[in-house]
Structure formats: C-alpha cells, structure tokens
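Peer 1: what follows is a predicted protein model with its sequence.
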Amino acid sequence: MGIAERKEREKQQRREDIIKSAEKVFYSLGLENATMDDVAAEAELSKGTLYLYFKNKEMLHVEVARRAIILLNAFTSKAAEQKEKTIEKLGQMGLATIQFSKTHPDQMKAIQSLMVKEPGNVELSSGEVQNIVYGDSSVGMLVQVVEEGIRNKELRSDIPAPLIAHTLWMQMMSVIQFVNSEKSLIEILELTPEKVFEIHFELVLNGIKS
C-alpha cells in the first residue's frame, strides 16, 4: 500500500469515527442541544480538526441521518422480500417502518428531522439529494415494488410509480410522527396507535389497487 493510499484510508476512517461520535452525541443530547464541541470531545479531536472534515453541525446531521436511512432501508427491503404480491410487499414495508420507529427511535428522529430541512440549508446538490432518496432510502425500493405492481396489473397505472412511492413514504412517515408525538391526543380521542396504522394501510393501499 502506497503512502497516498494509506493516508486516504486513514482519512476515511477518521471521517467514519467522527460520524459515529456524532451519533452518540446527537442521540444522547438531542440534535438541537448537541454542539460541535461535544462531538469533538467525543471523537477526541480538536474542534479545528473536526471542521476539516465537516463544515458545520448540519452536514454532520446529514451523515448521521443517512446512516439511519440506510439501516431503515435494510429493514424494509428484507420485509418486502418475504411476500410475493405487491400489496402485501407494501404492507410489510410499512409494518417494518413502524417496527423500526419503535426499536430505533433515535434513528427515526434523525430521519424525520432531515426530511423537514431544505436541501439548500445543508448545502446538498440535487444529485446528492437524489442519491440519498433513491439510493440510500426505502423510496428506491418502493419505486421498484410499485413498478412491478403496475406491470402485473395489481396497482393502478394512471399515476407514475415514483409519485406513488413518494406519497406512500411521506404518508407513512407522517403517520408515525403523529402517533409518536400525539399520544395524549390519541388517547383522548379513544383511538389506539394500532388502529390508526390499520386504517391508514386500508385507506392508502386500497386507493392504489387497480
């Protein structure tokens, strides 16, 4: 291994170590409360060195959220593989997302907080945003499943597959956020999270059947 190659590998390893340190800090203190000083201390680096790798906290947040997005994608993709019919695949992906929000609440918060940011605020190019959405997240898999369903005439063909996929993704994330943030309201209304999710699936999935 040459010197240049070794230095590049060390640089990438340090970058990964910083992201892992940021995960610990963000998840323990909360994204709003955590600072770059906290991350530098966790990573055992000077603040100046930290800024050589990440310009600001927002860019670190993107990478922490990206790792969560990739993990969620693994959950939903595995769930989809267990079924043959399109509607069943989509249902399993939705259930996997709900389960993920319960077993990985910090990661889900990181994903949802990234979703509400404007790409320009975190200095992401259009290509980088598309890579996250279609390459890293469950949306890419959703598009494939929906396209398969349209080809098999299981799903309606009058709406483009990407639009259906994005709508399914946004609705699922919104319902999860509502259930997690409005627990008292749900109880007052004599509802249950399970019933909210059940009706959501019934209305949405029936709406895209052919």
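Peer 2: That came through, no problem.

Peer 1: only C-alpha atoms from now on, for both contacts and neighbour counts.
Peer 2: Fine.

Peer 1: so what touches the helix or strand hosting Gln99?
Peer 2: Gln99 is part of helix 86-103 when elements are defined by DSSP states H and E. By CA atoms under 8 Å, 6 or more residues apart in numbering, the residues outside helix 86-103 that reach it are 72, 75-77, 79-83, 107-108, 142, 145-146, 148-149, 154-155, 172, 176, 201, 205, 209.

Peer 1: among the residues you listed, the buried ones, what's the ChimeraX command?
Peer 2: Buried residues among these (16 or more other CA atoms under 10 Å), as a ChimeraX selection:
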select :72,75,76,77,79,80,107,108,142,145,146,148,149,154,155,172,176,201,205
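
Peer 1: residues near Asn56, how many?
Peer 2: Asn56: 14 surrounding residues under other CA atoms under 10 Å.

Peer 1: what helices or strands is the helix ranked longest in the chain leaning on?
Peer 2: For the chain, the longest helix by residue count, based on DSSP state H, is helix 3-29. Under the contact definition 3 or more CA pairs under 8 Å, 6 or more residues apart in numbering; DSSP states H and E, helix 3-29 sits against helix 36-43, helix 57-80.

Peer 1: can you lay out those helices as JSON lines showing distance to Ile87 and mean pLDDT?
Peer 2: Converted to JSON lines, the helices and strands packed on helix 3-29 look like this (distance: least, CA to CA, whole Å; pLDDT from 0 to 100):
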{"stretch": "helix 36-43", "distance to Ile87": "43", "mean pLDDT": "96"}
{"stretch": "helix 57-80", "distance to Ile87": "10", "mean pLDDT": "94"}
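
Peer 1: most packed of the ones you listed?
Peer 2: Per-stretch averages of neighbours, counted by mean count of other CA atoms under 10 Å, single out helix 57-80 among those, with a mean of 20.

Peer 1: pull the contacting residues for the residue most central in space within the chain.
Peer 2: With distances taken as CA atoms, centre = their mean, Ile69 lies nearest the centre of the chain, 3.3 Å away. Counting by CA under 8 Å, 6+ apart, Ile69 touches Gln107, Ile111, Asp136, Ser137, Ser138.
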